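J.: heads up, no residue letters with this:
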């Protein structure tokens, strides 16, 4: 009888295409692919009627397509800080995007995924946009190599002058100079070459691939632009930009297959924030991103700014063909990697993310704490959001932020942020009202008060922890 039961379980496992994940299986590899300003509705597998993304469509078919995948923030630098640390970016003092020369940076006292995995014997590589310091490639602030990456190929922010033939990449502290090609393919080239050239291929790896696409300044191969003949030129260039990024993802997946790494590599694909709004600044002429059915776009704490495409694939481990509406966050990546690698997450700092290994195993996953967002420059003076199960609260403070919206850190911003309190809110049943159109705050007074009080508590906690870079000693001290 026991033999028959064991055989049945084995057959079911083969049929489902996956098996339970355990650290005892040995530390897995992690490949994280992060896009820049890619909207929730920008992929074919997320409903875009025109943009072709065959490689990401296939990736979704081979794993889990997440329909409630959230970024840590509504814009770039904070989102990247949250993903790497598992902590609300306000705690780290990454309040907004980091302009060149700005004092904001990811301090040495912040622990990244790469750092903890390196202690477990991992190799770690970062390829692409960094955007976690204002003094890029300077000893005055921490660089990717100071946060656990053995090899790094990066830019401070955008590819300059455009995605085509960028000239501002740095490799391990040395400027590379002018390059030929498109940014996403160059970033994929570096990642693939690093995988193939590792001296000890038996060691597990963490590979952080951060495309510049489809952020402005958009540039796309003419042959791909021509495949959208019925679309106006600037819009077609955006569509082709996403398709070019998709092709780079396909090359990464082919490399994993050729190196026989797919069965021991968890692939995570997502975006840093929602799509850019058209013409928000003079050069934003190609910003034809789509938030799909969501309200808002980049810089909003409505879901259009923070809910992103999310795909998880682990060949032979994760059951393919799944679609999950369970809310997950990029903050969850840190504790998930720790659990799968058999590492105890550092206890000295509060983590805001939680391990989603139960979800990967096909089990029920319940989040013990609400998801929370804070962005001081949120458009419309909507600076805080909290999601608790089916409900989402959007709140604002007593200090309008119109001057801060979309800007980098300036003197005086942090004291104002720390002194404000939440004064009003909206409440949405987000699972039934994905577009956040029906404010139920008046109809649900008890629930509204409970969630508002929780949001106020978290807001005070994370803003109290964040430093004022203009009035405190720099936290480099390497």
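T.: Okay, I see it. Source: prediction; values computed, not measured. Numbering: from 1, shown residues only.
J.: next SSE after the lowest-mean-pLDDT helix or strand in the chain?
T.: Least confident helix or strand, the chain: helix 2-16 with a mean of 37, by mean pLDDT, DSSP states H and E. Heading C-terminal from helix 2-16, the first helix or strand you meet, by DSSP states H and E, is strand 29-35.
J.: Other residues contacting that next one?
T.: When contacts are defined by CB atoms under 8 Å, 6 or more residues apart in numbering, strand 29-35 is touched by residues 80, 83, 113, 117, 128, 204-211, 213-214, 245, 249, 252, 256, 261, 264-272, 333, 337. Where C-beta positions appear, they are placed from N, C-alpha and C, glycine not excepted.
J.: Do I have it right that residue 293 meets residue 434?
T.: Yes. Counting by CB atoms under 8 Å, residue 434 is a contact partner of residue 293 at 5.3 Å.
J.: Name the residue in the two with the higher neighbour count.
T.: residue 434 (20 against 13; other CB atoms under 10 Å).
J.: residues touching that one, list them.
T.: Contact partners of residue 434, counting by CB under 8 Å, 6+ apart, are 293, 294, 303.
J.: Can you read off the pLDDT for the first one?
T.: Looking back up the chat, that one is residue 293. Residue 293 is assigned a predicted lDDT (pLDDT) of 98.
J.: you'd agree it is in a strand?
T.: No. Read with DSSP: H, G, I helix; E, B strand; the rest coil, residue 293 is coil and lies in no strand.
J.: show me where pLDDT drops low in this structure?
T.: 1-25, 347-348, 401-403, 472-478 (pLDDT under 70).
J.: In contact with the spatially most central residue of it: list those residues for me.
T.: Nearest to the mean C-alpha position of the chain, by CA atoms, centre = their mean, lies residue 272 at 4.1 Å. Remark: with contacts taken as CB under 8 Å, 6+ apart, residue 272 is in contact with 34, 35, 36, 37, 71, 73, 75, 76, 79, 80, 83, 308.
J.: Swap in 10 Å and give it another go.
T.: Neighbour list for residue 272: 34-38, 71-80, 82-83, 129, 131, 210-211, 215, 298, 308, 330 [criterion: CB atoms under 10 Å, 6 or more residues apart in numbering].
J.: Skipping adjacent residues, who's closest to it in space?
T.: Distances taken as CB to CB, 6 or more residues apart in numbering place residue 79 nearest to residue 272, at 3.9 Å, with adjacent residues excluded.
J.: Now do the host helix or strand of that neighbour against strand 29-35: the angle between them, please.
T.: Element membership of residue 79, judged by DSSP H and E, is helix 76-85. Angle, helix 76-85 to strand 29-35, by axes from the mean of the first three to the mean of the last three CA atoms, to 10 degrees: 170 degrees.
J.: Mind checking what helix or strand follows helix 76-85 in sequence?
T.: Elements were assigned by DSSP H and E; along the chain past helix 76-85, the next helix or strand is helix 113-119.
J.: Now the element after that next one, going C-ward?
T.: Counting by DSSP H and E, what follows helix 113-119 is strand 123-129.
J.: Okay, now the sheet partners of that following strand, with direction.
T.: strand 151-155 (parallel), strand 205-210 (parallel) (DSSP bridges).
J.: I'd like those strands as CSV, with distance to residue 386 and mean neighbour count appended.
T.: Output for the strands paired with strand 123-129, formatted as CSV (distance: least, CB to CB, whole Å; neighbours: other CB atoms under 10 Å):
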stretch, distance to residue 386, mean neighbour count
strand 151-155, 33, 24
strand 205-210, 27, 25
